[in-house]
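Participant: output the structure for:
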Amino acid sequence: MNINLPFQDKVIAGVFLFLVGGIALMGIITAEVLYPDYSAQQEISDLGASRPPDSVIHEPSSTIFNLTMMICGAMMLISTFLIHRIYEDRIFTIFLGLFGLGIFGVGIFPGNITPWHMIFAMLTFVSGGFVPIFSAKVVRKPFKYLGLIYGIISLGFLFSTVFLGDANPLNFLEFGGIERWVVYPLLLWITGFGGYLLGDTESKDL
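Facilitator: Below you'll find the model as predicted:
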């Protein structure tokens, strides 16, 4: 049986993206459990290091979180290269690559390293929110509609914080709660997209 390039690309990218969602989620949960008195109202990035001037770093939470982000970011970047060869859609793969780069940068530059951490965090949030939306150009329905829903939810919560500030009706969730509504839909979509790629390896590709 000859296995051609599109089949290999879909399998590798699908496995990597499916793993990214799980690794990121479980890495965050593990770091939270090992962080003393951690609350979901805190920023996710506090797990790596909190913001200056009084930065707090707790081990092993910091190492677990930062390594998780670097591993997931690297897997995303590799997947981006493969996905571009599959779909050849420049806009989608640019935003997917920026998403992976942002995640990798969050791990390289923890919260105590300014302004780089904030730059990569915002790159992650903004590009990540648009990735599921732009995926509608390359995936079939109903998955394209799910991508639109997840992208709109993520960007909606992000922009509510950026543009509404103290007037944001979602402030009862605190910053950490809002941030999770930005991030977790993206992790769910990444896992789903990985599964979509694995399920899209049709017999004609064999």
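
Participant: okay, how far is it across stretch 32-46, tip to tip?
Facilitator: The separation between the terminal residues of stretch 32-46, taken as CA to CA, to the nearest Å, is 10 Å.

Participant: adjust the sequence numbering to begin at 40 for everything that follows.
Facilitator: Sure, I'll start numbering at 40, so the last one becomes stretch 71-85.

Participant: tell me the secondary structure of residue 96, please.
Facilitator: With DSSP: H, G, I helix; E, B strand; the rest coil as the basis, the three-state label of residue 96 is coil.

Participant: next, it: phi, psi?
Facilitator: For residue 96, the backbone dihedrals (degrees, to the nearest 10) come out as phi -130, psi 120.

Participant: return the residues in contact with it.
Facilitator: 87, 88, 89, 149, 151 (CB atoms under 8 Å, 6 or more residues apart in numbering). Where C-beta positions appear, they are placed from N, C-alpha and C, glycine not excepted.

Participant: and the pLDDT at it?
Facilitator: Listed pLDDT for residue 96 reads 95.

Participant: so how far is residue 111 from it?
Facilitator: With the distance defined as CB to CB, to the nearest Å, residue 96 ends up 20 Å from residue 111.

Participant: what's the answer for residue 169, then?
Facilitator: Plainly put, residue 169 is 18 Å away from residue 111 if you go by CB to CB.

Participant: so the two - more neighbours on which side?
Facilitator: The residue with the greater number of neighbours, taking residue 169 and residue 111 and applying other CB atoms under 10 Å, is residue 111; the counts read 27 against 19.

Participant: host element of the more buried one?
Facilitator: Assigned by DSSP states H and E, residue 111 belongs to helix 100-126.
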